[in-house]
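Novice: turn this into a model:
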Amino acid sequence: MADTRTSSFPMALARIAVGIMFLLFAQYKLLHTNFAHGGYQTYVSDFVSRSAVSFWKPLLRLTLRHPVISGYAVAIAELLIGLSMVLGFLVRPFAVLGALFMLNLVFCTWWLPPGTPVWRYAGNQLENIPLLLLFWLFAVHNAGATLGLDRAR
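Specialist: So this is what the prediction gives:
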């Protein structure tokens, strides 16, 4: 029986692909200051007024006290997650961080107008939940052990 706690080649490729996506997200946010200087505040204000679950709104409002710092914090988190996934280094802790990052986005975009069919809630999360689940798999299956620097650890 195969060891289910270790990574496979296809999982390593998926990890690297997700890492590249996160590096692209971080690159945009770090090299183009419009995200930290206005974009973050616009997105989060929209989440607070339209789509965030009610228990998450106080945390979002807290980040809006310092939107530039929060915007850069998001970009740096994406950069670190992306580097970890591409290099296969410290994948387990950064996969947990990635899962929490995606869970945050689920909480930010979950709410839909009253009367919305139940299936739309899941459909509204097609960008977030699959990545959340991938990060969970990367952590559980030690995805940095194949094609990654975690192999040596």
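Novice: CA only for contacts and neighbour counts going forward, please
Specialist: Noted.
Novice: send me the helix or strand of the chain with the lowest mean pLDDT as CSV with only the CA atoms.
Specialist: Sorted by mean pLDDT, DSSP states H and E, the helices and strands of the chain end with helix 118-123, the least confident at a mean of 85. What follows is helix 118-123, C-alpha atoms only, in CSV (Å, rounded to 0.1, in the frame of the first residue of the first chain):
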residue,chain,number,x,y,z
VAL,A,118,-28.5,27.6,-2.4
TRP,A,119,-26.5,26.3,-5.4
ARG,A,120,-25.3,29.8,-6.1
TYR,A,121,-23.4,30.0,-2.8
ALA,A,122,-21.2,27.1,-3.9
GLY,A,123,-21.0,28.5,-7.5
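Novice: so how far is that helix from its chain's centroid?
Specialist: 20 Å (C-alpha atoms, centre = their mean, to the nearest Å).
Novice: what's the average pLDDT for the helix or strand just after that helix?
Specialist: Using DSSP states H and E, the helix or strand that follows helix 118-123 in sequence is helix 129-140. Here helix 129-140 scores 97 as its mean pLDDT.
Novice: list the buried residues of helix 129-140.
Specialist: Judged by neighbour count using 16 or more other C-alpha atoms under 10 Å, the buried positions of helix 129-140 are 129, 131-140.
Novice: and for stretch 12-24?
Specialist: 12-16, 18-23.
Novice: what ranges does this protein have for its strands?
Specialist: For the chain, no strands are identified by DSSP state E.
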